[in-house]
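*Asks:* Let's see this in three dimensions:
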Amino acid sequence: MAEKTENVSPWVTAAQSIAPEVQAAAPEPEPSPAAEEQPMPFVAAHGGAGATAWAVILDGADHGQQLPANGEPAVLVARASLHGIDAAKAAIAAHGRAAFSAVLIVPASPGRMPRLIQNELKVLGGAVPLVPAPWVPGLLIKRSALSDFTDVPAKDLEKIRTALSTIKGETK
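*Replies:* You can find the predicted model right below:
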């Protein structure tokens, strides 16, 4: 069978002949940033949960009470109170477990939590991994946007970062 070369444009023929040379000279495309390089999203389960302060402290992205638009699992932030735990349960029920990589539990007061709160946290922990935050009284008297990683004791900060990175690695 004879090839039909009469309908082929001379421009197409010319482009096909130089295409390998142009591709060889083209710069390598830069890799897109990996998911680990994106700031971890923090979502507040309720007002006053501490999501803004902890997002600043942990170099995350504060999303208020809205889930990230890209569908990435977020860290849900809730106070260790009945109101906070109920709000976290409601958020998980509304959006599903997959929407949250963990729940950062922010103490409502210093010292040991009441047994009722401990029991409710066990129930919540059955749905999503819990990461306890330390009691940091200095955060109560500081504007959230002015919070800093130095406000939290280094060993506590390292525990939180390790727990969140481990959980984030498991959810990939």
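*Asks:* how about the nearest residue to residue 125 once chain neighbours are set aside, secondary structure?
*Replies:* If you skip the residues right next to it in sequence, residue 125 has residue 103 as its closest partner in space, 7.9 Å away by C-beta to C-beta, 6 or more residues apart in numbering. Backbone N, C-alpha and C define where each C-beta goes, glycine included. Recorded secondary structure, residue 103: strand (DSSP: H, G, I helix; E, B strand; the rest coil).
*Asks:* any idea how far residue 103 lies from residue 86?
*Replies:* 13 Å (C-beta to C-beta, to the nearest Å).
*Asks:* out of these two, which sits in the more crowded spot?
*Replies:* residue 103 (27 against 15; other C-beta atoms under 10 Å).
*Asks:* Quick check: beta-bridge partners of that one?
*Replies:* Beta-bridge partners for residue 103, by DSSP bridges, are residue 76, residue 130.
*Asks:* can I assume the residue nearest to residue 125 is in contact with residue 131?
*Replies:* Yes: between residue 103 and residue 131 there is a contact at 7.1 Å, judged by C-beta atoms under 8 Å.
*Asks:* Worst mean pLDDT across the helices and strands of this protein, which element?
*Replies:* In the chain, no helix or strand scores lower on mean pLDDT, DSSP states H and E than helix 10-25, which sits at a mean of 60.
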